[in-house]
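Asks: Take a look and give me a structure for this.
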Amino acid sequence: MAKTTILIIFFSIIMSVPANSKKGINSDTTSGATTVVSTPSNKETVNDNELIAKGAKVEKLADGFRFTEGPAVDKNGNVYFTDQPNNRILKWSVKDEKLSVFHENCGRANGLYFDKKGNLLSCSDMDNEIWKFDMDGNHVVLISDFEGKKLNGPNDLWVHPGGGIYFTDPLYKRNYWTRDPEMQQEGEYVYYLSPDYKKVMRVDTEIEKPNGIIGSPDGKHLYVADIKASKTYVYDIQPDATLTNKKLFTNMGSDGVTIDSQGNLYLTGRGVTIFNPKGEKIMNIPIEAGWTANVCFGGKDMKTLFITASENLYSIRMNVKGCR
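Replies: Have a look, this model is predicted:
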């Protein structure tokens, strides 16, 4: 009788363990290792073939720019983006669906991202710097050099939940530069700027031409697109902000990158190509433009995908949410 009671209690304990308490295991085909991959928590899972809202089509919101780049979403879902050749940052308001100019003479801003305090950060490569704007349009320069030398040209950036900034620094020679247009650093690298803006360090020097960059919402992983090598890598982020366990995510480079609440990655170039967390291609969203530069989620419910492509700004409704 006592043995039967013990068995019943043991069986009850085993059955009470929640199924979702187990970590998912994904196979790393690039190294043959088995990797535990953390993906953003999401109560409502959307199937891969249903990521785009039913009946939704790509919509052109605005045109007439010279080259659009760097979309970023604020806390209200408004999307800011750059028209780099015209040296301005624009804002698409989700409340009235109107376009306005946020800032002129923005240092030839390229990639943008909002920090946790609501400031807009920009890769302003007129003088190869990173700027911080408040919502009144006032700016301060966060970084202007590395070890006494100008950066090549900060291109894209992502703010870690802890406040630090990861950014890419490829070389794209600009006709508006008054500086020496040749390589300023020893190579084209990925950098990290500490939350107090006092410490800058290189976190990947073994990459050909880093461009698009994004991190997982939990701050555990960083994704960097090497546009020259046509590869995108994923790294583990350590507590000291260094990167380890670099792995090939997919054999495709990208200009811009974003991530949704299910951990799917969105790469750009010839339209928008979506990959699942394992690096497997799900689909491509064709865009009628010569080059699709960048992408981000926005809107009041964060279910609209905004796309900057050549002279245009596009959007398409999704069933899945993006991440800030």
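Asks: Tell me how many other residues crowd Ser144.
Replies: As a burial measure, Ser144 scores 13 neighbours (other CB atoms under 10 Å). C-betas here are computed from N, CA, C, even on glycine.
Asks: which residues sit in contact with it?
Replies: Applying CB atoms under 8 Å, 6 or more residues apart in numbering to Ser144 gives the contacts 127-129, 150-151.
Asks: For these, give me TSV that also has pLDDT.
Replies: Shown next, in TSV, are these (pLDDT from 0 to 100):
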residue	pLDDT
Asp127	93
Asn128	95
Glu129	97
Lys150	95
Leu151	96
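Asks: Let's see if you can find the most crowded of those.
Replies: Asn128 (26 neighbours).
Asks: quick one: that one and Asp169, what's the gap?
Replies: 8 Å (CB to CB, to the nearest Å).
Asks: Same check on Thr308?
Replies: Relative to Asp169, and taking CB to CB, Thr308 is found at 21 Å.
Asks: How about Arg317?
Replies: Using CB to CB, Arg317 is found at 35 Å from Asp169.
Asks: My guess is Ser310 contacts Thr68. True?
Replies: Yes - with contact defined as CB atoms under 8 Å, Ser310 counts as touching Thr68 (7.1 Å).
Asks: Between the two, tell me which one has more neighbours.
Replies: Thr68 (28 against 16).
Asks: Break down the stretch 101-250 of the chain into its strands, ranges please.
Replies: Secondary structure of the stretch 101-250 of the chain by DSSP state E, counting those that start in this stretch: the strands cover 109-114, 120-124, 129-133, 139-143, 157-159, 165-169, 189-193, 200-204, 210-215, 221-226, 231-237, 243-250.
Asks: follow-up on the earlier one: kindly reformat the contacts of Ser144 as TSV containing distance to Asn175.
Replies: Shown next, in TSV, are the contacts of Ser144 (distance: CB to CB, whole Å):
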residue	distance to Asn175
Asp127	15
Asn128	15
Glu129	18
Lys150	17
Leu151	18
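Asks: Show me which of the residues you listed is closest to Leu248.
Replies: Closest to Leu248 out of the contacts of Ser144 is Leu151 (26.3 Å), distances taken as CB to CB.
Asks: Without its sequence neighbours, what residue ends up closest to the closest one?
Replies: Nearest residue to Leu151, sequence neighbours excluded (CB to CB, 6 or more residues apart in numbering): Asn128, at 4.3 Å.
Asks: From Arg88, how far out is the one you found?
Replies: Taking CB to CB, one finds Asn128 at 19 Å from Arg88.
Asks: residue ranges of the helices in the stretch 51-200 of the chain, please?
Replies: Taking DSSP state H, counting those that start in this stretch as the test, none of the stretch 51-200 of the chain falls into helices.
Asks: low pLDDT regions in it?
Replies: Regions of the stretch 51-200 of the chain meeting the criterion pLDDT under 70 are absent.
Asks: Can you tell me the centre-most residue of this structure?
Replies: Centroid-nearest residue in the chain: Ile214, 3.0 Å away (criterion: CA atoms, centre = their mean).
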